[in-house]
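*Asks:* The following comprises the amino acid sequence and a computationally predicted model.
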Amino acid sequence: MTHSIDRFQWISALLHQANRLSRLTVWLAGAMTLLSALYVAADVVVRKLFGTNLGGSDELSGYAFAISISWALSFVALNRANIRIDALYQLLPVRICAFLDWLSLVGLGIFIAYLTRYAIDVAALSWSNGSTANSTMATPLWIPQFMWVAGLVWLCVVLGLMLLRSSLALVTGDLRTVQALCGMRSTREEAEEEAEAGKRMVHGEAQHGDAR
C-alpha cells in the first residue's frame, strides 16, 4: 500500500511540474499573440502613413495564432478551463459524475492523439517536400508546422499524465482526486479564483502607491 501511495505521489509530482511548465508556455504563447498583434498594427500604421507595408503580417500572425493555441492547450486542460455543458451533470450522483469526468478525459485524449498524429504527418511531408508558403516570404512550412506540432505533443504528454492519475484515482475510489483532475470547475472554485485575483490586484496597486 505504501508503495502504491508513493507511486501516486510520483505521478502527482510530475503533474505539478507539467503545470509549472504549461504556465510558462501559456505566458510565452500570450506574448507571441501580443507581438503578432503589434506587428499587424504597425503594418497598418506604416501603410497609412507611408503608402507601403512591412510585409507578411497576415502570414506571420496566422503562424503565431496556431502555435500559441497549441502551446496554451495544456494549461487549459490542467486548469479545467475548457467549456463543458453541465445541464444534466449537476443532477447526477457523484460516482457517475466522476466516471463521466474520466470518460470525457479519455475522449479528449483520443481526439488529441489522432490530431497530433496527422499533424506530424503534415509537418513531415512539408519537410520532405521542401514545401514553402505561397507568399512573397516563401516561408518553409515545416518551421511553423513543427512548432505547432510540438505544442500538440506536449498536450498529449500532459493528457497522458492526467489520464494515468485519474484512472488510478477512479480505481481506488478517490473521487475527489478525479474531480480535481478532470471534473468541471465548481462555482465556488471560480469565485475563490476571482477573489484571489482581486487580492493580487489590490496588493499590486498598494505596492505601486507606496512606490510613488
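*Replies:* Thanks, I have it. Residues are numbered from 1 along each chain as shown.
*Asks:* Just give the nearest non-adjacent residue to Arg47, would you?
*Replies:* Asn53 (4.7 Å; C-beta to C-beta, 6 or more residues apart in numbering). (Glycine included, C-beta is placed from N, CA and C.)
*Asks:* I'd like to know how many residues surround the one you found.
*Replies:* 13 (other C-beta atoms under 10 Å).
*Asks:* Same question for Val153.
*Replies:* Neighbour tally, Val153, other C-beta under 10 Å: 15.
*Asks:* contact partners of stretch 103-116?
*Replies:* 73, 77, 84, 149, 152-153, 155-156, 159-160, 162-163, 166, 181-182 (C-beta atoms under 8 Å, 6 or more residues apart in numbering).
*Asks:* What of stretch 141-155?
*Replies:* Residues contacting stretch 141-155 (C-beta under 8 Å, 6+ apart): 22, 25, 63, 66-67, 69-74, 77, 112, 115-116, 119-120, 122-123, 126-127, 131-133.
*Asks:* contacting residues around the closest residue to Leu35 other than its chain neighbours?
*Replies:* Counting by C-beta to C-beta, 6+ apart, Leu35 lies nearest to Ala64, which is 7.2 Å off, once chain neighbours are set aside. By C-beta under 8 Å, 6+ apart, the contact set of Ala64 is Met32, Thr33, Leu35, Ser36.
*Asks:* could those go into TSV alongside pLDDT?
*Replies:* Output for the contacts of Ala64, formatted as TSV (pLDDT from 0 to 100):
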residue	pLDDT
Met32	93
Thr33	92
Leu35	92
Ser36	92
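*Asks:* Phi and psi next, for the nearest residue to Ala138 once chain neighbours are set aside.
*Replies:* Spatial nearest neighbour of Ala138, excluding adjacent residues (C-beta to C-beta, 6+ apart): Thr132 at 4.4 Å. Reported as degrees, to the nearest 10, the phi and psi values for Thr132 are phi -130, psi 160.
*Asks:* Now do the same contact list for the residue nearest in space to the middle of the chain.
*Replies:* Ranked by distance to the mean C-alpha position of the chain (C-alpha atoms, centre = their mean), the top residue is Leu73 at 1.8 Å. Listed by C-beta under 8 Å, 6+ apart, the contact set of Leu73 reads Ile112, Gly151, Leu152, Leu155.
*Asks:* so which helix or strand takes in it?
*Replies:* Using DSSP states H and E, Leu73 falls within helix 57-78.
*Asks:* pLDDT (mean, whole number) over the helix or strand following that helix?
*Replies:* Scanning forward in sequence from helix 57-78 by DSSP H and E, the next helix or strand is helix 94-129. Averaged over helix 94-129, pLDDT sits at 94.
*Asks:* Taking helix 94-129 as reference, get the angle to the helix or strand following helix 94-129.
*Replies:* The helix or strand immediately downstream of helix 94-129 is helix 142-171, counting by DSSP H and E. Put simply, helix 142-171 runs at 160 degrees to helix 94-129, going by axes from the mean of the first three to the mean of the last three C-alpha atoms, to 10 degrees.
*Asks:* Show the average pLDDT along helix 142-171.
*Replies:* 95.
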